[in-house]
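# no sequence on this one, just coordinates:
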């Protein structure tokens, strides 16, 4: 808490919530995602809310789009509590559709555009989705009606017969009496975000209105954001970082969110100058590419004052180079997860280079405990698993009591990350408990990829390790033992690509000449595999 003592810190009180939790909460908070938005529609209707390419919408103009979509979905049977998936790229239509669902009291289910048909079908069925709004360009990945029999409504963004077009909802006349926003309770689920597990299928993390309200308040306070800021949405909006940490945090302070083009360093820096961006959150690989671009010295980036990063460590040399190139930029490291509804810890912008390897200090209402394998808290400086509690920690997984019971204890989520806290209250990560990889900020669980490799006829053993990369942090590398197979790397990668999201497909493969090394308990010694890869 000492790192966040500030006149901007809202009043905190203890509250009993989610049945069995007593947690620190902000007394003053938005009661729902839509009221978070509506505040600024009422107070600053003409202020620019959203920019995408050449198009710009004020808060009032954007709300008209939202109301039209909400009314159209309501007429087509979408009711409070219904799940509606958004299978769309970063686009204004996603923003309007998402907030329309919040106005209706429905549950938005954002799904990454890299997801393939099998995974998409699983998620739609698992949450009993009633509707799907999707980009026309993604239609080949859609499951058939037979695969998702409960999906009653499909709406396309773009032109694609025979589906109903999202524009038809926007162009339909609104009723003389607007459809009022649904009354929701703050502990109700607002968003389902599916997370990859180390075993089995993805789990639907239930982000409540209450969770989101605290995440955006934490960020507003820690980053000292205001309605004068202009935020770049340069990470996927279907992930918690893009949706909560950037988009909803921006709207929570009445600021302007600018959707960035697909990332290319030169074009991105030009975009940052043109739009006078003040706040951007990138993965370290993006910063590294910007440092390599000659445009960094050519563009006026003096407006850029808040720069976040996460998903992978930032090298001290990169931090120092950015400080020299962009003296007005305050960098912060944000550590979080879907189950934490965004950030758990942030490095105070004024923190020194000594703590560059830290993931920051726990935010004011967040409660991080370092626990050993027996569930006993360890002293400062000793390593253990990070358990994360507080008002941003989700209540559990959708219709999955087994996974919820395994991953949560008394309101604390077991992160699976191994780390420690120092005497100054800074948190550090030292390992990934379940062999998780991080490729350019995308988390990859090795077991999911290994299971796919093992499904290839002739593969006897398979292990996934991270191959160090100066730009992406890690690349996916497979070690495969298949003594009867021809060493056909392209065929094995193609096999993986049939069901895996593209960034999870191994980029390189070592064909082992003998069985993989194992310890006395029969576990593959990935440490040895990593050493062999580097030698």
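Nice, thanks for sending it over. This one's a predicted model, so the numbers in the text were calculated from it and none came from an experiment.

# Now the closest residue to residue 309 other than its chain neighbours. Its backbone dihedrals?
Of all residues not flanking residue 309 in the chain, residue 284 sits nearest, at 5.3 Å (CB to CB, 6 or more residues apart in numbering). For glycine as for every other residue, the C-beta is placed from the backbone atoms N, C-alpha and C. Phi and psi for residue 284, reported as degrees, to the nearest 10, are phi -50, psi -30.

# any idea how far residue 88 is from residue 284?
The gap separating residue 284 from residue 88 is 26 Å, by CB to CB, to the nearest Å.

# ok, now residue 98?
To residue 88, residue 98 is 9 Å away according to CB to CB.

# list the helices and strands the strand or helix carrying residue 109 packs on?
Assigned by DSSP states H and E, residue 109 falls within strand 107-110. Applying 3 or more CB pairs under 8 Å, 6 or more residues apart in numbering; DSSP states H and E, one finds that strand 107-110 contacts strand 83-87, helix 92-104, strand 189-195.

# Mean neighbour count, distance to residue 443 and mean pLDDT for those - can I get that in CSV?
Shown next, in CSV, are these (neighbours: other CB atoms under 10 Å; distance: least, CB to CB, whole Å; pLDDT from 0 to 100):
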stretch, mean neighbour count, distance to residue 443, mean pLDDT
strand 83-87, 25, 20, 98
helix 92-104, 25, 22, 98
strand 189-195, 24, 8, 96
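
# Phi and psi next, for the residue lying closest to residue 227 once chain neighbours are set aside.
Using CB to CB, 6+ apart and skipping the chain neighbours, the partner closest in space to residue 227 is residue 254 (3.9 Å). Per-residue torsions, residue 254: phi 70, psi 30 (degrees, to the nearest 10).

# ok so, going back, tell me the helix or strand right after the strand holding residue 109.
Per DSSP H and E, strand 107-110 leads on to helix 117-126 as the next helix or strand towards the C-terminus.

# and after that following helix, which helix or strand comes next?
Once helix 117-126 ends, the next helix or strand along the chain (criterion: DSSP H and E) is strand 131-135.

# That next one versus helix 117-126: what angle between them?
Angle, strand 131-135 to helix 117-126, by axes from the mean of the first three to the mean of the last three CA atoms, to 10 degrees: 150 degrees.

# who touches the residue lying closest to residue 47 once chain neighbours are set aside in this structure?
Closest residue in space to residue 47, ignoring its immediate chain neighbours: residue 59 at 5.8 Å, by CB to CB, 6+ apart. Taking CB atoms under 8 Å, 6 or more residues apart in numbering, we find residue 59 in contact with 40, 41, 44, 45, 46, 47, 49, 254.

# Residue 514: neighbour count?
For residue 514, the neighbour count with other CB atoms under 10 Å is 8.

# can you give me the helices for the stretch 251-400 of the chain?
In the stretch 251-400 of the chain, the segments counted as helices under DSSP state H, counting those that start in this stretch are 265-274, 284-292, 295-298, 316-325.

# how about those helices, which one is nearest residue 486?
Nearest to residue 486 among the helices of the stretch 251-400 of the chain is helix 284-292; the distance by CB to CB comes to 34.3 Å.

# Which strands and helices lie in contact with that closest one?
When contacts are defined as 3+ CB pairs under 8 Å, 6+ apart, helix 284-292 sits against helix 265-274, strand 306-309, helix 316-325.

# Break down the stretch 401-535 of the chain into its helices, ranges please.
401-407, 446-454, 489-497, 526-534.

# Please tabulate those helices in TSV and include distance to residue 482, mean pLDDT and mean neighbour count as additional columns.
Listed next are those as TSV, based on distance: least, CB to CB, whole Å; pLDDT from 0 to 100; neighbours: other CB atoms under 10 Å:
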stretch	distance to residue 482	mean pLDDT	mean neighbour count
helix 401-407	32	95	14
helix 446-454	9	81	19
helix 489-497	9	95	15
helix 526-534	16	87	14
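
# In helices, which of the contacts of residue 59 fall?
Judged by DSSP state H, helices contain the following of the contacts of residue 59: 40, 41.

# now the contacts of residue 59 in a markdown table, with pLDDT?
Formatted as a markdown table, the contacts of residue 59 follow (pLDDT from 0 to 100):
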| residue | pLDDT |
| --- | --- |
| 40 | 98 |
| 41 | 98 |
| 44 | 97 |
| 45 | 98 |
| 46 | 98 |
| 47 | 98 |
| 49 | 98 |
| 254 | 98 |
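
# Let me have the contacts of residue 59 in TSV, extended by neighbour count and distance to residue 525.
Shown next, in TSV, are the contacts of residue 59 (neighbours: other CB atoms under 10 Å; distance: CB to CB, whole Å):
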residue	neighbour count	distance to residue 525
40	22	55
41	21	58
44	16	59
45	14	62
46	9	63
47	16	58
49	25	53
254	21	54
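
# and which of the contacts of residue 59 is nearest to residue 444?
Comparing the contacts of residue 59 against residue 444 with CB to CB places residue 49 closest, at 34.4 Å.

# wait, that closest one sits on residue 62?
Yes: between residue 49 and residue 62 a contact is recorded at 4.8 Å, counting by CB atoms under 8 Å.

# Overlap in contacts, those two.
Counting by CB under 8 Å, 6+ apart, nothing touches both residue 49 and residue 62.

# Go ahead and measure how far stretch 102-122 is from the middle of the chain.
When distances are taken as CA atoms, centre = their mean, to the nearest Å, stretch 102-122 is centred 13 Å away from the chain's centroid.

# Pull out the buried positions in that stretch.
The neighbour-count check on stretch 102-122 (16 or more other CB atoms under 10 Å) flags 102-115, 119-122 as buried.

# likewise stretch 288-306?
Buried residues in stretch 288-306, defined by neighbour count with 16+ other CB under 10 Å: 288-291, 293, 295-296, 299, 301, 303-306.

# same thing with stretch 345-354?
Across stretch 345-354, burial judged by 16+ other CB under 10 Å covers 345, 346, 347, 348, 349, 351.

# Break down the stretch 101-250 of the chain into its strands, ranges please.
In the stretch 101-250 of the chain, the strands defined using DSSP state E, counting those that start in this stretch lie at 107-110, 131-135, 153-157, 164-165, 189-195, 203-208, 230-233.
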